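**Student:** have a look at this prediction, sequence included:
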Amino acid sequence: MTHTVKRDRMLVGGFALAVLTMPVWMTPLGAGYPDLLQRFAIYGIFAIGFNILFGLTGYLSFGHAVFLGVGSYAAVWSFKLLSMNVLPAVLCAMGVSGLFALAIGYISLRRSGIYFSILTLAFAQMAYNLAYSVLTPITNGETGLKIERVDPRLIDTWLSGPSTLIPSTNFFGMPMSGYSGFFFCAVLLIAAFYVALRIARSPFGAMLRAIKSNQNRLNYAGVHTRPYALTAFVISGIFAGLAGGLLAATDPLAGAERMQWTASGEVVLMTILGGVGTQLGPFVGAVIIKYAENIFSAFNPQTLHGIFAFLPDPIEDVVVTVTGLFVGNGWQLTLGTLFMLLVIFLPGGVIEGARRLGVLIGRKTAALRGRRSQPLGSALPASGAASE
Amino acid sequence: MSDNINDPSRRRALKVGAALGMGLAAPSLIYTRNAWAANFRNDPTKAKTVMLGFNVPQTGPYADEGLDELRAYKLVVKHLNGEGDGGMMKTFKPSKLKGNGILGKKVTYVTGDAQTKADAARASAKRMIEKDGVIMFTGGSSSAVAVAAQSLAQEMGVVFMVGLSHSNDTTMKDRRRYGFRHFFNAYMSGQALAPILAAELGTDRRAYHLTADYTWGWTQEESLKNATEKLGWKTVAAVRTPLGAGDFSQYITPAVNSGADVLFLNHYGKDMVNSLTQAVQFGLRDKMVNGKRFEIVVPLYSELMVQGAGAAAKGILGTANWHWNLPNEGTKAFTQSFVKEYGFPPSQAAQTCYAQTLLYANACEVAGTFYPPEVIKVLEGYKFDGLGNGPTEYRAGDHQCMKDCLVVRGALHPTGKYDLLEVVKVVPRSQIEYPASMGGGELGPYIV
Amino acid sequence: MDAVLLQLLNGLDKGGAYALIALGLTLIFGTLGVVNFAHGALFMLGAFCAVTTHKLLTISKSVQDTSITLFDVHKDVPYLQIWWGDIGARIIDYAVPLSVLLAIPMMLLVGVALERGLIRHFYRRTHADQILVTFGLAIVLQEVVKAYFGANPLPTPAPEIVSGSANIGAWIGLGDALSYPWWRLVYFLFSVAVIGMVLAFLRFTTFGMVVRAGMRDRETVGLFGIDIERRFTIVFGIAVVVAGLAGAMYTPILPPDYHMGMEFLVLSFVVVVVGGMGSVGGAVLAGFLLGILQSFASMNEIKDLLPGIDQIIIYLVAIVILLVRPRGLMGRAGVMET
């Protein structure tokens, strides 16, 4: 027990260190700028929350983006009506998406397996379609909900009078754009990571894993599982709401496309890619997908020629032509290929793959040294999927 | 869980908190120092080159349009740097462009994938601004993206030259000081189309609208309803269709027997290709209603969509911003230059993007600086000619280009792959003009 | 009355497409236990079989186009037309129906290759892994098509003779007001025929019997010494061919582009689940039911009453059905519930 606690502490500490130093070590990778770092943190929170439901409990929600979208709308409305401070906005986002999660979860959790997935998908698609069209007075439809100069902002107006500009979001004066916005998101990401870890280690987490491994046995034993699953669903919805609120906080705009099924699919892919049920996996998956989307898509022949300029001309042209298929407008090809290669050769996601690699290397070195060494990957607790 | 586990973790949490505080303080210092060092964001004065950002959809349903925009951007960069044949730079006047970059600095560019999604477009634009240091960004092929990017431009203090965007909102309700639109809008489409419709179809018609159920569709429907009802037409029904419906048959059949004799398809992109193809299959164009031949009208045309719809587009009326076979000097220069580079004529999306970049570059030259407020002041009210649309004015009040507008028709007997549209009439600016205050909205401040 | 009848026809048409895609999807679920997110992309591949056929038939000779003087343009004249004149033109006109001849072997090949090379290794993996690998496959297929054909929709018209609309009203004595496109009638009949063939195949052949038994209880069938895995390859192939045919014949209704599969993917999953996982009959029933409901919900009278109902009807019905009938219309217990 103490061993686990110690290891968890190291894990959170290491995670916090890695996240907070991202502006430094992401720069050589071309990702060291505030907006993308913010996105890493925000989608990390989204995926970590999704993992509480999917990884621990085994319920695959295919409409989780609805909570992201609802959170964003709630946050922007808080900016419009109350204050440009992000604190009420984030709380609003979490509250409203929690309520949505309660309602959708209450109905959807009556079914399990793929039937549950389709129920969540149906709710999310309905929300998306309505937000895009009929609910335009609330959501501003296609163009998205924005902040206007003439919004009431009751608290701000009461404190400092009406604004002559379109104000920007802040956390008690700290601006939410640029690096300060990233650190705000990063702190919340670390907090979310910590909470998720505590949940996984708690008796409640054990119950969720029991639901995943054999729900029927629990039911036969007289345990009513649905309240536990619903709690997990709501917690995970609140995480998504927080992520949506932060998206709006760092960039005060909310659009319906955040709720489309592709957005729901994206968080599923992030989680699977990183490793379902692992602690670090969802965040790693989120970083990989957002990195591909923002960096690979930005390459063009001009930049490629710059990169491969050291090669002799004819070879350079060939290399540029071939790599050109995978970047720029072909970045999705990279993503698709990556999905396939990873799942074929590293089943269980990046984290599980790293663990296996670690074990393999550990064994080799052990064989060389003639004694058993601690497997490298065991520092990463692969709970959930790996342990079952 | 006992106390001896919780206690140390609480202490540690405090320590982490303190470390975070320091972490927060340090980078924000760096950030502010940078902000003071330059008097505006991404000032290229000290650099040898000037960086522009081309943010176009490269994946998703509008990828072909985005790629054509990108071709135009690459071409305009060449011309600005004095390579190639100069294209419309030769015909653009008044112009201070010399073919030595902008203000003597060589033009370079970064590209990004806007995915036709507001979120992705803003993420991509922010990368250009925060990481690549662009002084101006441009592109896009939907109004949602244009509006989102434009408000970002205002927040960040970086000029955004709108690509293809046809919604009224872009320069009405959602206009911004840092956003400029060269393309025309739904209101102009309605004003331009109405007299032609009266001339060709008469003044006693009953119209049925199928409208994409989002803001662009609504503004176009409203603009056309107003314009045609002034002619004396009646609107039988205006039906909203979900975006990306794919099969529109269930919306087309009610139109068939509704007593209407004109069908307006307020759709764009794939929706337009599908609904037009299917409407023609339902035999609407062979029908006689109220003693008149049933007609279909597609208010906003694009060459790529006409290609997609194939034979279904033959003879169908609509409007366009520009077409490559217009008989003016700018158009000829641009088309020839584009064909020489890529082997086929440019689309209207390419033309608007090319023109936007030239206009921005020239505004910098005229202002003598990259400082955005000065550049904006030059663009506001700038009158020019030779960019393919005849005499044009960037209106100061709403940042909308006022110029002639084309009424076009799907070519009845296309002889080649590219002459799919024929220009019915060039509608003069005076006929489609409206006060800049129309639609409300405010531009916001020069200095942000 | 006319309006209702027309909407019914629209629904049957739409339902035909939904049912064809869902049929293959549910076969794969039921027999192989694989969640196939690439099924929409396979539908798209089928559609591009039609485009390819059209392209092959119109391999052309480039002729200088004299009508454009601004720059040099070459006009393409298909060789078939040069060699055989009108008969050549007639063959080109029939590109879409002819594409079925290309689509069947092509899609069978694709299906068998995919099953042998990829899907087979995922039978015993988690659904999460299956989703990731098939979704990756779908993206790769799409991007390859995009790289070759571009992102713009490509017009592939139906043959001239069936490109107009049929005067159904006159046939059943309802007057002139009732007409319906010929090609849509063709598509409906085609989908019914394909569905009938697949059902008959499963029902009346030994092969089908084994497959149906395998869907119920794979292990017991294995105990009888039947090589069920080899049959699974063929089942997967059939499912892919059905999706491909659905796509190829749909092209005159929906000009195909590389992205069209994704839009059908979600819908077909809903159809499969509403029908009941692994139930072939259920998928067909649900396909037609949802198609018809969607058509009726789009009628102006109903939209006036409930704004936006046409946008959500399918999902609303799915929720209601799943709450009332836990395993869809015709699903069995225990299939894909964990």
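**Tutor:** Yes, it's here.

**Student:** please name the nearest non-neighbouring residue to residue C:169.
**Tutor:** Leaving aside its sequence neighbours, residue C:169 sits nearest to residue C:178 (Cβ to Cβ, 6 or more residues apart in numbering or on different chains; 3.0 Å). Where C-beta positions appear, they are placed from N, C-alpha and C, glycine not excepted.

**Student:** surely that neighbour forms part of a strand?
**Tutor:** No - Residue C:178 is assigned coil when assessed by DSSP: H, G, I helix; E, B strand; the rest coil, not a strand.

**Student:** list the residues that contact it.
**Tutor:** Neighbour list for residue C:178: C:2, C:5-6, C:167-169, C:172 [criterion: Cβ atoms under 8 Å, 6 or more residues apart in numbering or on different chains].

**Student:** cutoff 10 Å now
**Tutor:** Residue C:178 makes contact with B:253, B:256-257, C:1-3, C:5-6, C:9, C:165-172, according to Cβ atoms under 10 Å, 6 or more residues apart in numbering or on different chains.

**Student:** for residue C:324, the count of nearby residues, please.
**Tutor:** For residue C:324, the count of nearby residues is 8 (other Cβ atoms under 10 Å in any protein chain shown).

**Student:** ok, residue B:230 to chain C distance?
**Tutor:** 25 Å (Cβ to the nearest Cβ, to the nearest Å).

**Student:** could you confirm whether any residue of the strand or helix carrying residue C:283 contacts chain A?
**Tutor:** Here residue C:283 sits within helix C:280-297, counting by DSSP states H and E. No - Helix C:280-297 stays clear of chain A (Cβ under 10 Å from any Cβ of the partner chain), getting no nearer than 11.5 Å.

**Student:** state the next helix or strand along the chain beyond that helix.
**Tutor:** helix C:300-305.

**Student:** in the stretch 151-300 of chain A, which residue sits nearest chain C?
**Tutor:** residue A:272 (4.7 Å; Cβ to the nearest Cβ).

**Student:** now that residue: how far from chain B?
**Tutor:** 21 Å.

**Student:** tell me who's in contact with the residue sitting nearest the centre point of chain B.
**Tutor:** Central residue check for chain B by Cα atoms, centre = their mean: the C-alpha nearest the mean position is that of residue B:164, 1.7 Å away. With contact taken as Cβ under 10 Å, 6+ apart, residue B:164 is in contact with B:56-57, B:62, B:65-66, B:68-69, B:139-143, B:145-146, B:181-183, B:268, B:302, B:321, B:347-353.

**Student:** what's the answer for residue A:47, then?
**Tutor:** The contact partners of residue A:47, by Cβ under 10 Å, 6+ apart, come to A:54-55, A:64, A:192, A:239-240, A:243, A:266-271, A:273-274, A:281-287, A:289.

**Student:** one step back: are any of the contacts of residue C:178 buried, and which?
**Tutor:** B:253, B:256-257, C:2-3, C:5-6, C:9, C:165-166, C:168-169 (16 or more other Cβ atoms under 10 Å in any protein chain shown).

**Student:** where do the strands sit along the stretch 101-250 of chain A?
**Tutor:** A:145-146, A:170-171, A:174-175 (DSSP state E, counting those that start in this stretch).

**Student:** most neighbours per residue, which of these?
**Tutor:** Compared across these, strand A:145-146 shows the largest average neighbour count, a mean of 22 (mean count of other Cβ atoms under 10 Å in any protein chain shown).

**Student:** looks to me like residue B:381 is in a helix.
**Tutor:** No - applying three-state DSSP, one finds residue B:381 to be coil, outside a helix.

**Student:** and the closest residue to it other than its chain neighbours, what does it touch?
**Tutor:** Spatially, and ignoring its direct neighbours in sequence, residue B:381 is nearest to residue B:396 (4.1 Å; Cβ to Cβ, 6+ apart). By Cβ under 10 Å, 6+ apart, the contact set of residue B:396 is B:376-377, B:379-382, B:436, B:443.

**Student:** low-confidence stretches in the stretch 51-200 of chain C?
**Tutor:** Scanning the stretch 51-200 of chain C for pLDDT under 70 picks out C:65-74, C:174-177.

**Student:** how about the strands in it?
**Tutor:** With DSSP E, counting those that start in this stretch as the criterion, the stretch 51-200 of chain C has strands spanning C:60-64, C:74-78, C:165-166, C:180-181.

**Student:** so which of those is the most surrounded?
**Tutor:** Mean neighbour counts for the strands of the stretch 51-200 of chain C (mean count of other Cβ under 10 Å) peak at strand C:180-181, with a mean of 24.

**Student:** parallel or antiparallel, list what pairs with it.
**Tutor:** Here strand C:180-181 is paired, per DSSP bridges, with strand C:165-166 (antiparallel).

**Student:** what's around residue A:159, how many residues?
**Tutor:** 10.

**Student:** any idea how far it is from residue A:151?
**Tutor:** Here residue A:159 is placed at a distance of 15 Å from residue A:151 (Cβ to Cβ, to the nearest Å).

**Student:** buried ones in stretch C:291-302?
**Tutor:** C:291-300.

**Student:** got the buried residues for stretch B:287-306?
**Tutor:** Buried residues in stretch B:287-306 (16+ other Cβ under 10 Å): B:287, B:289, B:294-306.
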